[in-house]
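In: Quick one, fold the following:
(2 chains)
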Amino acid sequence: MADGNCLISNEWICGEYVRTRGQELTDATLEHVWITLASVAIGLVVAFPLALLARRWRAVAGPVLGLTTILYTVPSLAMFSLLLPVFGISAAVVITGLVLYSLTILVRNIMAGLASVPEEAREAARGMGYGPLRLLFGVELPLALPALMAGLRITTVSTVSLTTVGAIIGYGGLGNLIYEGMRSFFKAEVLTASVLCVALAVVADLLLLALQRLLTPWTRKSRKGTA
Amino acid sequence: MDVVAKAWTWLATGSHWTGPDGVWHRLGQHLFLTFVCLAIACAVALPIAVALGHIGKGGALAVNISNAGRAVPTFAVLVLLLLSPLGSHGQWPTIIALVLFAIPPLLTNAYVGVREADREVVEAARGMGMTGGQLIRRVELPLAFPLVMTGVRTAAVQVVATATLAALPGGGGLGRIITAGFRLTDTPQVVAGAVLVAALALVVEGVFVVLGLVLDPMRRRTGRRPAAAQRPPADQAPTSPALTT
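Out: Here you go, the predicted model:
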């Protein structure tokens, strides 16, 4: 097939497209990555104190879990639209929406992880003179890591795929290309962006898995059941 | 906030509710799509999940399908199906995409529910000479009911949410009010549409929570004999992260 032909005949797979629009694809991918990273990072920073509060006071746990679950049922298109008047058209709309979604899974998993820390480990640490802060960061958090990382992986993967919906306001990373390709019936653009998006999710998941193994060397002997 | 007041005015305007672009018509489309797709997904996924759970095989498959489903962007699948030859067949791209996204939670929850039905009870029933079919109908399904319903509820909410996205490629449903608002740069309409969609999603979630409680066969039984309270809570939070969708 001659060069440029697949662009004219509008084929699904088109090397010429990737070659000529490489810059556009890279930009969209980078936007996708930074929106995802920012959302997950902020989500983690917000979820952690929420989980600690919910663990400390039972009265907080109900409302926190209930509210985050309710937020999770709001469809993404509606969520981004509802945030639109607050932030105007900006990446903050998409990131805030994604952070709100991430809270459901992150708060639950951090709480589950902390709850799974054996009481004996806590007692032993207290007996060694650990204060509450040192107990949390030195003993409980490392032991809660497998559950936390499982939640982080789920959150990251779904954030990557939800980011595409941000295309409605022009901040959807690869979703922008999918939206544009849909408008112009440009098959190669849609397929390439979709494949890149799935690949991004898979790569992110594998990176987090590697990070988890690096951070929790003690689980490796009987590695089972966190995935 | 000004936009909120304007969105309220939009909602309070009678003419926005009638006609082919009106709220009632879009709501009807949305509910119709949701119902059809949920029914198809249940018809496909539940028998498979129950059969797999009964024989105790394919657990990795059920869970992995559910996890992989999360990585696939809904919007991309919708557009890909739309641009494929299927795209010229009316609503089929939307229906297929919605069914695809409803299947993973149904499959995983029903499988885990049947698989984790109290083994002792199942063994006892087998010892009483129940056949495989009787075992499924009288023992495993009633015990698995809360989890099966959790799956149906998750799937329903997911279908409602995804049906909203169908408006981006020009499908029907409530999402159209949002996308039309974007095209007109009419922010109050966008917000009004978003409020409607969010409210619908929450109502659907609530309806299924209530349905799950009311229809639970074990609940009725424990109602008659309050002594036997060995029923797991119906809205028990899924313990495995694989189940939270």
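
In: in the lengthiest helix in chain B, what counts as buried?
Out: For chain B, the longest helix by residue count, based on DSSP state H, is helix B:23-55. Buried residues in helix B:23-55, counted by 16 or more other C-beta atoms under 10 Å in any protein chain shown: B:23, B:25-27, B:29-31, B:33-34, B:37-38, B:40-42, B:45-46, B:48-54. Where C-beta positions appear, they are placed from N, C-alpha and C, glycine not excepted.

In: likewise stretch B:168-181?
Out: B:168-169, B:171-181.

In: Which parts of chain B are helices?
Out: Under DSSP H, chain B gives helices at B:2-12, B:23-55, B:59-71, B:74-83, B:92-115, B:119-127, B:132-134, B:141-165, B:175-183, B:187-215, B:217-224.

In: how far does the longest one sit from the chain's center?
Out: The gap between where helix B:23-55 is centred and where its chain is centred comes out at 7 Å by C-alpha atoms, centre = their mean, to the nearest Å.

In: same thing with stretch B:173-193?
Out: Between the mean C-alpha location of stretch B:173-193 and the chain-wide mean there is a distance of 24 Å, by C-alpha atoms, centre = their mean.

In: Which one of the buried residues of stretch B:168-181 is nearest to residue A:79?
Out: residue B:178 (10.8 Å; C-beta to C-beta).

In: Where does the prediction get shaky in chain B?
Out: Applying pLDDT under 70 to chain B picks out residues B:1, B:220-245.

In: What's the local residue count around residue 87?
Out: You didn't say which chain, so I picked chain A. 16 (other C-beta atoms under 10 Å in any protein chain shown).

In: Chain B is the one I meant
Out: 15.

In: pretty sure it is touching residue B:93, no?
Out: Yes. Between residue B:87 and residue B:93 a contact is recorded at 5.6 Å, counting by C-beta atoms under 8 Å.

In: joint contacts of the two?
Out: Applying C-beta atoms under 8 Å, 6 or more residues apart in numbering or on different chains, one finds that residue B:87 and residue B:93 are jointly contacted by residue B:81.

In: one step back: will you turn the helices of chain B into TSV that also has distance to chain A?
Out: Conversion of the helices of chain B to TSV gives the following (distance: least, C-beta to the nearest C-beta, whole Å):
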stretch	distance to chain A
helix B:2-12	4
helix B:23-55	10
helix B:59-71	4
helix B:74-83	4
helix B:92-115	11
helix B:119-127	19
helix B:132-134	29
helix B:141-165	4
helix B:175-183	5
helix B:187-215	4
helix B:217-224	22
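
In: among those helices, which is nearest residue A:177?
Out: Smallest distance to residue A:177 across the helices of chain B (C-beta to C-beta): 9.9 Å, for helix B:74-83.

In: Now residue A:64: closest residue in space, sequence neighbours ignored.
Out: Nearest residue to residue A:64 in three dimensions, chain neighbours excluded: residue A:54, at 4.7 Å (C-beta to C-beta, 6 or more residues apart in numbering or on different chains).

In: mean confidence score for the helix or strand where the one you found lies?
Out: Using DSSP states H and E, the element containing residue A:54 is helix A:22-56. Averaging pLDDT along helix A:22-56 yields 94.
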